[in-house]
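Peer 1: Predicted model follows, preceded by the sequence.
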Amino acid sequence: MLPSSLKFLVVEDLVSDSFLIQRQLNKLCDNAEIRFADSELALTNALKKYMPDFIISDFSLSGFNGFDVIRMVKDHDPNLIILIISGSLNNDEKVAQLLMEGASGFFLKDPINELPEKLRPVLEKLYIEKQEQLKKLDYQRKKDAALDEVASFLREFDSSREDADEDTILKTMQKSILRLFPNYGSKQ
């Protein structure tokens, strides 16, 4: 069974297909967080700033294709899970090559309203198989969020301010440290 919250990165260059895919992914889990990339540059930026549980990519994209997406993603993190979908690729040799290159699955888009039923068993299987990897990914997300919080605090903090209250500063820093190191201070 899939968790109620999953993070998806959808690589799709057609706005209409992006909307349809988003609609179908929202049927898979209650709290799907979905981000989109429509070009190689957008994919590069998304991989730097966003840590998805699953990447779903169209095969035929403007200026690049599913093979390029797999290469870019695997160069960034070989453990990321990529599923390729297509509205037109009916070539068994290319599908086999996609799987050999690192895709975890391949699906035809049509009929789009059946996409959740097609994806669910594969996502459930991958979720179980990759659970340890997904836990590490979630930990990394939390760590990055805590580091962002500390960095934001430090950017905003001005120690020369007359109204800087030492207790408030210490409490804020302690909260940030506890978010970074949740087991800090706990007896083991």
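Peer 2: Looks like it arrived, so ask away. Numbers count the residues shown, from 1 in each chain.
Peer 1: Is residue 33 bridged to anything, and to what?
Peer 2: Judged by DSSP bridges, the bridge partners of residue 33 are residue 7.
Peer 1: burial measure for residue 105, as a count.
Peer 2: Using other C-beta atoms under 10 Å, residue 105 is surrounded by 21 other residues. Backbone N, C-alpha and C define where each C-beta goes, glycine included.
Peer 1: for residue 31, that is, sorry about that
Peer 2: Look at residue 31: counted by other C-beta under 10 Å, it has 10 neighbours.
Peer 1: Any figure for the gap between it and residue 3?
Peer 2: Residue 31 is 9 Å from residue 3, where distance means C-beta to C-beta, to the nearest Å.
Peer 1: any idea how far residue 15 is from residue 29?
Peer 2: Noted for residue 15: a distance of 23 Å to residue 29, by C-beta to C-beta.
Peer 1: Just list the residues touching the residue nearest the centre of the chain, thanks.
Peer 2: Central residue of the chain (C-alpha atoms, centre = their mean): residue 52, 0.9 Å from the mean position. If you count contacts by C-beta atoms under 8 Å, 6 or more residues apart in numbering, residue 52 has them with 7-9, 35, 80.
Peer 1: Is the nearest residue to it once chain neighbours are set aside in a helix, a strand, or coil?
Peer 2: Nearest non-adjacent residue to residue 52, counting by C-beta to C-beta, 6 or more residues apart in numbering: residue 9, 3.9 Å away. Secondary structure assignment for residue 9 (DSSP: H, G, I helix; E, B strand; the rest coil): strand.
Peer 1: so who does residue 9 touch?
Peer 2: With contacts defined as C-beta under 8 Å, 6+ apart, residue 9 is in contact with 34-37, 46-47, 50, 52, 54-56.
Peer 1: would a markdown table of those residues with pLDDT, secondary structure and distance to residue 120 be doable?
Peer 2: Putting the contacts of residue 9 into a markdown table (pLDDT from 0 to 100; DSSP: H, G, I helix; E, B strand; the rest coil; distance: C-beta to C-beta, whole Å) gives the following:
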| residue | pLDDT | secondary structure | distance to residue 120 |
| --- | --- | --- | --- |
| 34 | 94 | strand | 16 |
| 35 | 95 | strand | 21 |
| 36 | 96 | strand | 21 |
| 37 | 96 | strand | 23 |
| 46 | 94 | helix | 24 |
| 47 | 92 | helix | 25 |
| 50 | 88 | coil | 23 |
| 52 | 89 | coil | 17 |
| 54 | 90 | strand | 12 |
| 55 | 95 | strand | 17 |
| 56 | 95 | strand | 13 |
